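> Show me how the following folds:
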Amino acid sequence: MLKTATCENLLGLPVLKKADVEDLRSVFLKYATLEKDGEHYMTPKDFVIKYLGIEKEDADPTTLALLAGVVDETKDGLISFVEFQAFESLLCSPDALYLLAFQLFDSNGNGYVSYDEFKSVMSQTHIHQHIPFDWEGEFCKMYFGWDKKKDLSYAEFTQLLQSLQYEHARVAFRMRDKNKNGFITALDFSDIMITVRKHMLTPFVEENLVSLVGGKQVSFPYFTGLNHLLSSMELVKKIYRQVAGNNLKAEVTREEFLIAAQKVSQVTPLEVDILFHLCDLINPTGRITYEAIERIAPLEEGTLPYEMVEAQRRKEGPQQNRGIVVQLAESAYRFFLGGIAGGCGATAVYPIDLVKTRLQNQRSGSYVGELMYKNSFDCFRKVIRHEGFFGLYSGLVPQLMGVAPEKAIKLTMNDLMRDKFTTKDGQIPLYGEIIAGGTGGMCQVMFTNPLEIVKIRLQVAGEIQSGPRVSALSVCRELGFAGLYKGASACFLRDIPFSAIYFPVYAHGKKYLADENGHNSIPSLLLAATVAGAPAASLVTPADVIKTRLQVKEREGFTVYKGLLDCSRKIWKEEGGKAFWKGAPARMFRSCPQFGVTLMVYEVLQRTFYIDFGGRRPEGSEVKKAPSIMDLPPPNPDHIGGYRLAVATFAGIERKFGLALPKFTPSQIIQAQVQKEVGVQAS
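As a prediction, this is how the structure comes out:
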């Protein structure tokens with residue numbers, strides 16, 4: 001009977017039990033595609049692509065062999081169940097990151113890493129391909145002997161890994177020091193850090209490398225100081241806490257920090273200067289805060305696999321493991337913010353909406369006399385002349401009373417349906433985006449129709465100078481409850497297509513305008529939301545014209561419409577096809593900025609007053625993590641026992657040691673190199 005083992009951490013990290021042997025065997029047989037002499041085996045493709053999902057179908061075969069080789073102890077190119085089970089035990093080890101890296105380099109499985117094995121694996125990493133390592137330098141000679149015949153044990157290899165990135169950075173500095181004066185340019189400095197030490201850079205530090213040195217040349221002591229500082233950020237946090245105590249919002253001066261740092265010889269005054277300079281780029285006060293340190297400090301490596309498993313878990317579909325109460329609370333939160341955003345958007349463009357309504361209500365043809373307004377600008381000018389500036393806001397109050405629930409329910413239902421269609425990898429299919437938007441438009445009509453008919457009656461009331469004063473209350477009394485939904489069919493015909501077009505265009509516009517880290521600035525949000533309104537508003541203008549004609553109060557001498565089809569027929573007969581596009585420019589000028597302001601305010605409110613309901617955050621609302629970590633696939637229910645940490649541990653060797661292997665077949669690169677060599681020989 002096998003003994004049940006557990007993976008525990010005395011520091012309170014999650015307890016991870018090994019999987020039951022039979023359960024593990026069932027998982028193994030599910031993915032093992034090769035049978036040989038009555039035994040089942042996994043191929044490298046079975047294990048790396050199909051089971052772990054950390055590479056794509058077009059992955060580099062050499063990379064597949066290397067990654068699968070950490071499990072394949074016999075190095076026969078196949079993975080048996082015994083090897084599959086043994087690897088689970090490795091994943092439960094507290095030093096799993098180092099063990100995995102060691103087995104990656106120990107290609108022949110003899111328990112040692114030779115110089116040739118070290119060079120073979122390192123030569124395939126992205127770092128070496130961009131900045132070649134010095135194989136003839138003292139580093140290799142000191143570790144592998146001057147004749148390079150010495151093999152490294154596991155313990156010796158761990159020390160090599162710890163020193164490797166420092167050495168590679170030093171080699172890169174020496175290569176870029178063209179004048180041999182101990183200086184490199186700011187651009188070379190940035191390139192080295194992003195290539196060799198990228199796994200130690202937070203997005204903030206990476207973006208500000210050139211700003212940190214002021215675009216000037218960088219000395220070797222400064223270069224070394226920054227690298228050592230980034231590796232010592234946990235120590236920096238400890239020093240800060242010694243000065244600030246329990247007040248993590250305290251602002252610590254350079255002198256206070258230096259006094260506390262004297263007890264720790266590892267932190268030098270130059271490193272303190274670099275630290276304060278980095279913090280000044282965040283907030284130029286000459287002091288440091290814990291929040292600023294957090295933006296500089298890389299992820300704490302001791303808990304790396306567990307941290308990444310938690311990040312992986314959060315990538316599950318947003319409705320996983322969430323109760324109905326939490327989902328209702330999230331919808332209420334979105335409804336409240338959507339109401340505020342809708343009010344802001346409506347107020348910003350209300351004068352344009354009034355002009356659009358009056359133009360659409362204006363009849364043309366043989367049945368009506370001279371036109372009151374020649375165009376949008378003429379209408380705008382005459383309203384101000386005859387009704388004053390506030391005439392442009394006739395009907396605003398009921399508009400605001402109705403627009404809050406109207407826009408709120410549209411935004412809430414769109415977000416809710418997008419959550420439902422979100423897959424485990426965080427993607428939403430196009431048909432899901434269209435259905436989600438259309439659902440939001442359909443649900444809003446219950447608020448839109450009464451609001452629209454009251455607003456339209458108030459907006460055109462100013463055209464009749466001699467008539468009685470019209471108010472929202474008098475309109476409601478005159479129409480009654482049923483009358484408030486007059487023209488609802490046209491409202492459906494307008495709002496469902498509008499939202500089905502608008503929200504997908506907006507979502508894709510955000511992605512297109514996002515920066516390289518996937519983050520959307522406020523101007524990019526405004527631009528994406530505004531541009532998305534153009535096709536949505538223009539294409540549904542005919543439905544909007546019909547709706548306006550049905551909802552406006554009947555007047556003597558004006559054509560009376562009995563319904564949707566009757567209205568369409570009479571407009572076509574009396575005014576021609578162009579009448580269906582009346583007010584289209586005004587509608588676009590109104591809808592584009594209105595939804596631009598509404599969506600921008602909505603997303604800014606979600607960022608400012610963020611509440612974590614365990615669902616998804618708005619796309620583009622946060623900077624993506626440093627791309628040196630491979631994107632983790634969604635959790636696989638077949639990753640049981642120690643294999644729950646498998647993907648995160650593979651990603652961890654890249655994050656901790658910078659061992660980023662080629663992920664795609666480099667055939668084009670090889671072909672280009674061959675052509676270059678042939679060209680040189682021919683010349």
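
> Tell me, how many residues neighbour Phe503?
Residues lying near Phe503 (other CB atoms under 10 Å) number 28. In short, each C-beta sits where N, CA and C put it, glycine included.

> Make sure it is actually in contact with Gly432.
No: assessed by CB atoms under 8 Å, Phe503 is found out of contact with Gly432, at 10.7 Å.

> residue ranges for the strands of this structure, please.
6-7, 16-17, 34-36, 39-41, 183-184, 218-219, 252-253, 287-288 (DSSP state E).

> hey, least reliable of these by pLDDT?
Among these, strand 6-7 carries the lowest mean pLDDT, at a mean of 43.

> On the pLDDT front, check Pro662 for me.
pLDDT, Pro662: 59.

> what about the stretch 51-200 of the chain, any weak spots by pLDDT?
For the stretch 51-200 of the chain, applying pLDDT under 70 flags the ranges 57-58.

> all helices for it, in order.
Using DSSP state H, counting those that start in this stretch, the helices of the stretch 51-200 of the chain run over 61-69, 81-91, 96-105, 115-122, 126-130, 138-144, 154-176, 186-196.

> what would those look like in CSV with mean neighbour count and distance to Met401?
What follows is the helices of the stretch 51-200 of the chain, written out as CSV (neighbours: other CB atoms under 10 Å; distance: least, CB to CB, whole Å):
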stretch, mean neighbour count, distance to Met401
helix 61-69, 18, 61
helix 81-91, 18, 59
helix 96-105, 22, 59
helix 115-122, 18, 68
helix 126-130, 17, 58
helix 138-144, 17, 73
helix 154-176, 17, 62
helix 186-196, 20, 54
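
> Dump those helices into a markdown table; add distance to Leu248 as well.
Shown next, in a markdown table, are the helices of the stretch 51-200 of the chain (distance: least, CB to CB, whole Å):
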| stretch | distance to Leu248 |
| --- | --- |
| helix 61-69 | 40 |
| helix 81-91 | 34 |
| helix 96-105 | 29 |
| helix 115-122 | 40 |
| helix 126-130 | 35 |
| helix 138-144 | 40 |
| helix 154-176 | 30 |
| helix 186-196 | 28 |
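
> And those helices: which comes nearest Pro284?
For Pro284, the closest of the helices of the stretch 51-200 of the chain is helix 186-196, at 19.9 Å, according to CB to CB.

> Report the distance from the closest one to the chain centre.
Taking CA atoms, centre = their mean, to the nearest Å, one finds the center of helix 186-196 at 25 Å from the center of the full chain.

> Put the alpha carbons of that helix into CSV.
C-alpha atoms of helix 186-196 as CSV (Å, rounded to 0.1, in the frame of the first residue of the first chain):
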residue,chain,number,x,y,z
ALA,A,186,20.9,54.2,-22.1
LEU,A,187,19.3,52.2,-24.9
ASP,A,188,21.9,49.4,-24.6
PHE,A,189,21.2,49.4,-20.8
SER,A,190,17.5,49.1,-21.4
ASP,A,191,18.0,46.3,-24.0
ILE,A,192,20.2,44.3,-21.7
MET,A,193,17.8,44.6,-18.7
ILE,A,194,14.8,43.6,-20.8
THR,A,195,16.6,40.7,-22.4
VAL,A,196,18.6,39.2,-19.6
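
> which outside residues touch that helix?
Applying CB atoms under 8 Å, 6 or more residues apart in numbering, the contact partners of helix 186-196 are 126-127, 130-131, 165, 168-169, 172-173, 176, 184, 201, 206, 209-210, 213-218, 223, 226, 658.

> how about a cut-off of 6 Å?
Ile127, His130, Ile131, His168, Ala169, Ala172, Arg176, Leu209, Val210, Val213, Gly215, Val218 (CB atoms under 6 Å, 6 or more residues apart in numbering).

> and the angle from it to helix 154-176?
Following axes from the mean of the first three to the mean of the last three CA atoms, to 10 degrees, one obtains 160 degrees for the angle between helix 186-196 and helix 154-176.

> Distance of the closest residue in space to Ser93 that isn't next to it in sequence relative to Asp106?
In space, Ser93 comes closest to Leu99 once its chain neighbours are excluded; the distance is 5.8 Å by CB to CB, 6 or more residues apart in numbering. As judged by CB to CB, to the nearest Å, Leu99 and Asp106 stand 10 Å apart.

> same question, Met233
From Met233 to Asp106 the distance is 31 Å (CB to CB).

> next one: Gln129
Gln129 is 22 Å from Asp106, by CB to CB.

> what does Asn179 give?
Applying CB to CB to Asn179 and Asp106 gives a distance of 41 Å.

> Can you tell me which of the helices of the stretch 51-200 of the chain is nearest to Asp415?
helix 186-196 (36.0 Å).

> pLDDT averaged over stretch 337-345, what's the number?
On average, stretch 337-345 scores 88.

> what about it, distance to the chain center?
The answer for stretch 337-345 is 24 Å, by CA atoms, centre = their mean.

> Equivalent analysis for stretch 412-424, please.
Distance of stretch 412-424 from the chain centroid (CA atoms, centre = their mean) equals 16 Å.

> what mean pLDDT does that stretch have?
For stretch 412-424, the per-residue pLDDT averages 85.

> buried ones in that stretch?
Residues of stretch 412-424 classed as buried by neighbour count (16 or more other CB atoms under 10 Å): Thr412, Met413, Asn414, Asp415, Leu416, Met417, Arg418, Asp419, Phe421, Thr422.

> Could you report the neighbour count for the residue nearest to Gly342 when sequence neighbours are not counted?
Spatial nearest neighbour of Gly342, chain neighbours left out: Lys407 (2.6 Å); criterion: CB to CB, 6+ apart. Per other CB under 10 Å, the neighbour tally for Lys407 reads 29.

> I figured Lys407 was touching Cys344, is that so?
No: counting by CB atoms under 6 Å, Lys407 does not reach Cys344; the two are 9.6 Å apart.

> one step back: in terms of neighbours, single out the busier of Asn179 and Asp106.
Shown here are Asn179 and Asp106; by other CB under 10 Å, Asp106 has more neighbours (24 against 8).

> and the more buried one, what is it in contact with?
Applying CB under 6 Å, 6+ apart, we find Asp106 in contact with Val113.

> how about the longest helix belonging to the chain: buried residues?
The single longest helix within the chain, with elements called by DSSP state H, is helix 324-361. The neighbour-count check on helix 324-361 (16+ other CB under 10 Å) flags 327, 330-331, 333-335, 337-361 as buried.

> That one packs against which elements?
Contacts defined by 3 or more CB pairs under 6 Å, 6 or more residues apart in numbering; DSSP states H and E place helix 324-361 against helix 376-387, helix 396-421, helix 430-461, helix 541-551, helix 584-608.

> how much distance is there from the first one to the middle of the chain?
Here helix 376-387 shows a centroid-to-chain-centroid distance of 45 Å under the convention CA atoms, centre = their mean.

> Excluding chain neighbours, give the residue nearest to Gly438 in space.
In this structure, Gly438 finds its nearest non-sequential neighbour in Ala500, 3.8 Å apart by CB to CB, 6+ apart.

> do you know how far the one you found is from Val540?
The value you get for Ala500 to Val540, if CB to CB is used, is 10 Å.

> what's the answer for Asn227, then?
58 Å.

> With neighbour numbers in mind, choose between these two.
Neighbours per residue, other CB under 10 Å: of Asn227 and Val540, the larger number sits with Val540, 25 against 21.

> What separation do you get for that one and His126?
Using CB to CB, one obtains 49 Å as the distance from Val540 to His126.
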